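1. Build me a model from this:
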Amino acid sequence: MTTEIAIMNKSAVALAADSAVTITAVGPEGRSHKVLNTANKLFSLSKHAPVGLMIYGNAGMMGIPWETIVKMYREELSHREFDTLEQYFEDFFKYMDDFDIGEDLQDLYVGSVAQAWCQELRKRLDDWVQEQIQRGSQPVSEDDVQASLRDFIKTEYENALKAGSESSLSSNARNNLRKKYRKLVEHVCNDVFESLPVEARMRSHLLTIVVNTAAVGLPNQSGIVVAGFGAKDLYPKCYDFDVAAVFAGKTIKKDLRAQVVSHQNPAVIMPFAQSDDVKTFMEGIGPSLNQFLHSVFTMMFKKVLPETARDEVVAKLGLNDAQKKTLHTIIRDMCKGACDEAFKALDRKKRADYVDPIVQATGFLNKAELAAMAETLVNLVSFRKQVTMEAETVGGPIDVAIISKGDGFVWVKRKHYFPPELNHHFFSNYYRKVDHDGG
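-> Residues are numbered from 1 along each chain as shown. Presented below is the predicted three-dimensional model:
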């Protein structure tokens, strides 16, 4: 995991990222994890234009390191510049669409999606069988198992049909992929379900589930953050994407968030990945505690209190069923209104006392102060990991960069895997001019 942050005001955008990466290995004793503090997650997207890119989640795309992809694109971009930041990420994803990913990697991608779905459905089925056995009402027959599995697959099939409509791949393209990967999905299905009864229609539905999921991407793949200025952008912008794969000539991605600094919105603070501690700092209360309070007070005010008050009044006044129902409706509506108003008041308090003052002050910070703020917020998450019993999945050196209209992409803090003083050629080669005509 990781923690990254983008902080913007009218003059610049500060980007900061930690260096922790979690490596997972599967062995005879199950899964084992190791955290390394050497990952590069922050890059300049162009050697000349004021645009930066951060990655979080998976460090690679279908096994290819994002660092390699970004630096290959940077060479392809060369001296080209665009008027808007949107054109930069559109060009980047167009480059991704044309990326020679290879059939083998695409086969592995579809296989991993099939494996994930088959194992999920097998687990649901096993849990259902165990539940029936524990109830002990009657023996579980093969027909019962098949009917239950049919229901599980049908539900996900209907969800997959809806998801497919959101894909950048056309219906015709997905039909062709179904033909192409039928044998692969059949093989995974046989491997996971073994001798369990999976009829032909269920296999067909499962094939659609796998292909449509591959066409929209499994959740929590790689997060891509693009921030900076286009040539005609007066103020900075920041966009966040979830990228799963390059599949059938398309980048499988989802647009997550967009933030733009403007006259009406002079500052923006955007945390990514493990962001609870940053949100606690920003709002004065942690998201998990905030959610807990909402759930407890909702249950008390919208269920427990109305029912308790109704029963007490009915017991004292001896109301009939119609009066009892009317009384419950009145009390329930009153409690619901009071609960909703309390939550609105809490939100106003958070914004007035915490969020607005921080955002307002951020709008006046200079470049050095923006960089210090970004680094501090990432370090806040890292520090809490160190002093609690949680795994230190955020840590290591923090890379910090400032992007401004006039100065471009400037490193404030950057780790190297080599001694910089011994590698002057690296820095001189960075801006080398390439004669594309071969001269």
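2. use CA for all of it now, contacts and neighbours both
-> OK.
3. Which helix or strand lies directly C-terminal to the helix or strand of the chain with the lowest mean pLDDT?
-> In the chain, the helix or strand scored least confidently by mean pLDDT, DSSP states H and E is strand 21-27, which has a mean of 72. Sequence-wise, the next helix or strand downstream of strand 21-27 (DSSP states H and E) is strand 30-36.
4. Restricting to C-alpha, output that next one in PDB.
-> Output of strand 30-36 as PDB, limited to C-alpha atoms (Å, rounded to 0.1, in the frame of the first residue of the first chain):
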ATOM      1  CA  GLY A  30       0.300 -19.900   2.300                       C
ATOM      2  CA  ARG A  31       0.800 -16.200   1.600                       C
ATOM      3  CA  SER A  32       3.700 -14.300   2.900                       C
ATOM      4  CA  HIS A  33       4.300 -10.500   2.800                       C
ATOM      5  CA  LYS A  34       7.300  -8.300   2.800                       C
ATOM      6  CA  VAL A  35       7.500  -4.500   2.700                       C
ATOM      7  CA  LEU A  36      10.300  -2.800   0.800                       C
END
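5. The helix or strand following it - contacts with which helices or strands?
-> Using DSSP H and E, the helix or strand that follows strand 30-36 towards the C-terminus is strand 42-44. Applying 3 or more Cα pairs under 8 Å, 6 or more residues apart in numbering; DSSP states H and E, we find strand 42-44 packed against strand 12-17, strand 51-57.
6. most packed of the ones you listed?
-> For those, the largest average neighbour count (mean count of other Cα atoms under 10 Å) is found in strand 12-17, namely a mean of 31.
7. pLDDT (mean, whole number) over it?
-> Across strand 12-17, the average pLDDT comes to 98.
8. Give me the distance from that strand to the chain's centre.
-> Centroid separation for strand 12-17 versus its chain: 19 Å, with Cα atoms, centre = their mean, to the nearest Å.
9. so that strand versus strand 51-57, what angle?
-> Counting by axes from the mean of the first three to the mean of the last three Cα atoms, to 10 degrees, strand 12-17 lies at 30 degrees to strand 51-57.
10. Tabulate the CA atom coordinates of strand 12-17 in CSV.
-> Written as CSV, here are the backbone C-alpha positions of strand 12-17 (Å, rounded to 0.1, in the frame of the first residue of the first chain):
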residue,chain,number,x,y,z
ALA,A,12,1.6,25.4,-8.1
VAL,A,13,0.8,21.8,-7.3
ALA,A,14,2.8,19.8,-4.8
LEU,A,15,3.0,16.0,-5.2
ALA,A,16,4.4,13.7,-2.5
ALA,A,17,4.6,9.9,-2.3
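11. Note down every partner strand of it and its orientation.
-> Partner strands for strand 12-17, per DSSP bridges, with pairing direction: strand 3-9 (antiparallel), strand 399-404 (antiparallel).
12. Quick check: beta-bridge partners of the nearest residue to S11 once chain neighbours are set aside?
-> Spatial nearest neighbour of S11, chain neighbours left out: S404 (6.3 Å); criterion: Cα to Cα, 6 or more residues apart in numbering. Here S404 sits in beta bridges with A12, G408, going by DSSP bridges.
13. S404 - how many residues pack around it?
-> The number of residues packed near S404 is 23, by other Cα atoms under 10 Å.
14. And for the one 4 residues further on?
-> Other residues within reach of G408, judged by other Cα under 10 Å, total 20.
15. And it, how close does it get to V51?
-> Shown here: G408 relative to V51, a distance of 8 Å by Cα to Cα, to the nearest Å.
16. go on, S11?
-> In this structure, S11 and V51 are 14 Å apart, going by Cα to Cα.
17. And the strands in this protein?
-> In the chain, the strands defined using DSSP state E lie at 3-9, 12-17, 21-27, 30-36, 42-44, 51-57, 60-61, 64-65, 222-228, 237-247, 250-260, 267-273, 399-404, 408-413.
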